[in-house]
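Trainee: model this:
(2 chains)
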Protein chains: 2
Amino acid sequence: MPTADRRLPLAGVRVLDMTRFVAGPFCTSLLADQGAEVVKLERPEGEENRTLGPMVGDEHGGPVSSYFLRFAKNKKSVCLDLKRPEAGPVLRALLAHADVLVENFRPGVLERMGLDWPSLQALNERLIYCTITGFGYENSPLRERGAFTPVVEALAAATIYHTPDAAPMTAGYPVGDIFPAALAAAGISMALYRRESDGQGARIDMAMFDGMLAMNERAVGVSTMLGRDLLPGIRADIGAAPSGVFPAKDGFVSISVVGEVVWARFCRVLERPDWAADERLSSGPARSAHEEEVAAVVTEWLSSRTRSEAVELLAAAGVPAAEVARPTEITSSAQARARDMIIQYPAYEGFVPTVTGNPIRFAGEHRREAGAAPVAGEHTQEILQAWGRLDAADVESLLLAGVAVQRHPG
Amino acid sequence: MPTADRRLPLAGVRVLDMTRFVAGPFCTSLLADQGAEVVKLERPEGEENRTLGPMVGDEHGGPVSSYFLRFAKNKKSVCLDLKRPEAGPVLRALLAHADVLVENFRPGVLERMGLDWPSLQALNERLIYCTITGFGYENSPLRERGAFTPVVEALAAATIYHTPDAAPMTAGYPVGDIFPAALAAAGISMALYRRESDGQGARIDMAMFDGMLAMNERAVGVSTMLGRDLLPGIRADIGAAPSGVFPAKDGFVSISVVGEVVWARFCRVLERPDWAADERLSSGPARSAHEEEVAAVVTEWLSSRTRSEAVELLAAAGVPAAEVARPTEITSSAQARARDMIIQYPAYEGFVPTVTGNPIRFAGEHRREAGAAPVAGEHTQEILQAWGRLDAADVESLLLAGVAVQRHPG
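Mentor: Numbers count the residues shown, from 1 in each chain, chains lettered A, B, ... in the order given. Coordinates of the predicted model:
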């Protein structure tokens, strides 16, 4: 029977991480959280993410990029100057002994280095090669188009509407990066599973656009089947009403009245028996048609209550409701703390940032401790020798020539 | 070398699917897309999703639930009345020979049927048991709290702001269901991989709340590190400006001016050399401070152009931009078609709905064809015999007693 000291699901899996920005680093973080050995391959001066603001930690010898720190725990770092011809064989040596390669360059960057998929397979038939791009490699008319999450969300019809005619919004958190990254981690894990049977790697061609269409499956599927647009955010289309965010004394409350049983409970909490009996309000679509009238009463009811007073009354009556938290409030969320979803980790140079934790929980098992972030090139010698199987003398030559860089923390 | 007729990554994996609503059915769809044999366990009259609107397909002998059709392709169906005591041994027989069980009941439902995790392990030590709940089982103060995606998004500080003070919005697509579902599929695949080494299953305790915190990692991490709230949707905090959705002649355009190189290109496209030289507009935060002035000019420029005319000019100059699609427009998206992300499948009774496709693409391999949706109980006899290993006579008795139900399409 599995016990608390069981080995982590991806223990022993070697991931070469040639990613920047959000999607790639988040994907490899999911793998690292489950025990994979993730090695970031960085340029000699350190990856671009280390320069992206906002900067933090000045009082600890900083500044350090908060952007970098979000995705750095439990990763190692090798610095290699891929512009130098001597770096080619070194990269090949790492790839020959890697289980997984993840990169999110624009299509063609690795191909131009002679590392197209057939060449990678010839080098290491067990390699699982995952790219995360805006629109994918295979069967992709928009392959060359650069992508940022707002662009991808727009093309996938996943923008969010207040009213059917006003300008819609993108999500404001990078859903077009984060969601495809999780799908990529799933694809990599599926490929690892299959490789146990046939010894062969795989090529995962993850596109942010494909991910956002899957995320937007309700609007796309139902709209297509009905032949009219169901726009994300237009609540009347969902049939839940009242449903939305309303102001209380000290912030906002999210309330979701789904179905007539919940509506009856809601009327009791608000002490509005007249509503419960009102024909005009007898269904979700009917209530949506009187949205302003209902919202005014809800707002009036909330105006004398704090978020937690209101949520307590609603939740006790069985009405789905919650305080709208602000991001900094998560640090005092008992739920987030108990689930290890808000954690601190020793980054480096005495700096201990707070970040979100590992969302994939294997119950009853120990979780990987949140370990240090690497300084750029901290593991160059170690990894080139142990993983790339280079001689110590050859590694020394590469360092002397500036092809590889070794650094030590603070 | 892998070929186009290679077996699918999850071929041969048996998934017992006891899920409803969105998160569970989406998770098992990701597994089915990769070749798993997914069997829905439904109540005798068919699962609740089959009754949820909007209904479609009336002209084909319908009505059929569009809600159900979004998640039904390539799944099988067994109808079993779990309220009858005779159903217990049947369910145990299925679980004894399953690889994966996924359910998204509220915590405790299976426990009350005697199917807590230790009992499931005793029944089948190889079983991978995944629950998807609002707040998780283990270390969860809010374990008993019911959850809908708006509630979970609110508690995870993942609501979206137009302005820092106005009421924020939830995403409008069910991100609090869909994202945790993908993480659950990743966890299941990792557990399958590890099981190849040690022969043991695992218990995946996926919480929607944990998933939404991971989705919101930027706002939570950066806000915590800075000690002030970075609110999702408040663009000035990101440093990209102008960035947002603007009205064109025939709809909206999403534009994302990230960095000064892109700003210079943007000024050229809009023929505003004065802007490129304007000190007041020389950085993202500076431009955010003059957001209305910039937006007015962008809107004026777009007012004489269609979405595609504007995007063509911007994209050619290297400015990230895209048409904001409306959901029904996806059916004519060449990109979505080429990537098989908008597909039709033979549901049943001659009805061929259009839904989103499989977002995890293994390049160079064949993809699972989008197969029929099951009528409730279509595979009861087949599965009870082949998978549960019951005698034909015993299955017949169960059908006669109404404990199990067999139906046929058409």
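
Trainee: name the helices or strands packed onto the helix or strand in which A:Glu293 is found?
Mentor: Using DSSP states H and E, A:Glu293 sits within helix A:291-302. Based on contacts counted as 3 or more CB pairs under 8 Å, 6 or more residues apart in numbering or on different chains; DSSP states H and E, the elements that helix A:291-302 packs against are strand A:243-248. The way it works is simple: take the backbone N, C-alpha and C, and place the C-beta from them, glycine included.

Trainee: distance between stretch A:67-77 and the chain's centre?
Mentor: Computed by CA atoms, centre = their mean, to the nearest Å, the chain-centroid distance of stretch A:67-77 equals 14 Å.

Trainee: quick one on the thing from earlier: quick one: mean pLDDT over the helix holding A:Glu293.
Mentor: Average pLDDT, helix A:291-302: 92.

Trainee: Now do the same for A:Lys76: helix, strand or coil?
Mentor: strand (DSSP: H, G, I helix; E, B strand; the rest coil).

Trainee: and it, how many residues sit next to it?
Mentor: 20 (other CB atoms under 10 Å in any protein chain shown).

Trainee: hmm, back to that, toward the C-terminus from the helix holding A:Glu293, list the very next helix or strand.
Mentor: Next along from helix A:291-302, by DSSP H and E: helix A:307-316.

Trainee: send the alpha carbons of that following helix over as PDB?
Mentor: The C-alpha atoms that make up helix A:307-316 are tabulated as PDB, following Å, rounded to 0.1, in the frame of the first residue of the first chain:
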ATOM      1  CA  ARG A 307     -18.500  40.100   3.100                       C
ATOM      2  CA  SER A 308     -18.200  37.400   5.800                       C
ATOM      3  CA  GLU A 309     -21.500  38.200   7.500                       C
ATOM      4  CA  ALA A 310     -23.300  37.900   4.200                       C
ATOM      5  CA  VAL A 311     -21.500  34.800   3.100                       C
ATOM      6  CA  GLU A 312     -22.200  33.100   6.500                       C
ATOM      7  CA  LEU A 313     -25.900  33.700   6.100                       C
ATOM      8  CA  LEU A 314     -26.000  32.600   2.500                       C
ATOM      9  CA  ALA A 315     -23.800  29.600   2.900                       C
ATOM     10  CA  ALA A 316     -25.700  28.400   6.000                       C
END
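
Trainee: for stretch A:190-210, which positions count as buried?
Mentor: A:190-195, A:200-210 (16 or more other CB atoms under 10 Å in any protein chain shown).

Trainee: That one near chain B anywhere?
Mentor: Yes - Stretch A:190-210 lies within reach of chain B by CB under 8 Å from any CB of the partner chain, at A:190-194, A:196-198, A:200-207, A:209-210.

Trainee: if you look at those residues, which of them are in strands?
Mentor: Secondary structure assignment by DSSP state E places A:Ala202, A:Arg203, A:Ile204, A:Asp205, A:Met206, A:Ala207 of the residues of stretch A:190-210 next to chain B in strands.

Trainee: next one: the lowest-mean-pLDDT helix or strand in chain A to chain centre, how far?
Mentor: Least confident element among the helices and strands of chain A, by mean pLDDT, DSSP states H and E: helix A:284-289 (a mean of 86). Taking CA atoms, centre = their mean, one finds the center of helix A:284-289 at 35 Å from the center of the full chain.

Trainee: Which positions within that helix qualify as buried?
Mentor: For helix A:284-289, using 16+ other CB under 10 Å, the buried residues are A:Gly284, A:Arg287, A:Ser288.

Trainee: Looking at these, spot the one nearest chain B.
Mentor: A:Gly284 (10.0 Å; CB to the nearest CB).

Trainee: hang on, the closest one packs against A:Ala241?
Mentor: Yes - taking contacts as CB atoms under 8 Å, A:Gly284 lies within contact range of A:Ala241: 4.8 Å.

Trainee: Would you point out which residue is most central in chain A?
Mentor: A:Ile178 (3.0 Å; CA atoms, centre = their mean).

Trainee: The helix or strand encompassing it versus helix B:175-198: what angle between them?
Mentor: If you go by DSSP H and E, A:Ile178 is part of helix A:175-198. Per axes from the mean of the first three to the mean of the last three CA atoms, to 10 degrees, the angle that helix A:175-198 makes with helix B:175-198 is 20 degrees.

Trainee: Check which helices and strands helix A:175-198 sits against.
Mentor: helix A:23-33, strand A:100-103, strand A:128-133, helix A:149-155, strand A:202-207, helix A:208-215, helix B:175-198, helix B:208-215.

Trainee: Does the last one reach chain A?
Mentor: Yes - when contact is scored as CB under 8 Å from any CB, part of helix B:208-215 falls within range of chain A: B:Phe209, B:Asp210, B:Gly211, B:Leu213, B:Ala214, B:Met215.

Trainee: per-residue confidence averaged over that helix?
Mentor: On average, helix B:208-215 scores 98.

Trainee: contact partners of the helix or strand following that helix?
Mentor: Where DSSP H and E defines the elements, the next helix or strand beyond helix B:208-215 is helix B:217-226. Contact with helix B:217-226 is made by A:22, A:26, A:54, A:56-57, A:66-67, A:69-70, A:173-174, A:178, A:326-328, A:330-331, A:342, A:353-356, B:156-158, B:213, B:229-232, as judged by CB atoms under 8 Å, 6 or more residues apart in numbering or on different chains.

Trainee: mind listing which of those are in helices?
Mentor: Of the positions in those, A:Phe26, A:Ser66, A:Tyr67, A:Leu69, A:Ile178, B:Leu213 sit in helices, assigned by DSSP state H.

Trainee: Chain B versus the second one, what's the distance?
Mentor: By that I understand A:Ser66. Separation of A:Ser66 from chain B (CB to the nearest CB, to the nearest Å): 5 Å.

Trainee: Next: the first one.
Mentor: Computed with CB to the nearest CB, the distance linking A:Phe26 and chain B is 7 Å.

Trainee: Next: the fourth one.
Mentor: Between A:Leu69 and chain B the computed distance is 7 Å (CB to the nearest CB).

Trainee: Isn't that residue up against A:Gly53?
Mentor: No - contact criterion CB under 8 Å: A:Leu69 and A:Gly53 do not qualify, at 11.7 Å.

Trainee: Between those two, which has more neighbouring residues?
Mentor: The neighbour count for A:Leu69 versus A:Gly53, taken as other CB under 10 Å, is higher for A:Leu69 (24 against 11).

Trainee: Look up the pLDDT of the more buried one for me, please.
Mentor: Looking at A:Leu69, the pLDDT reads 95.
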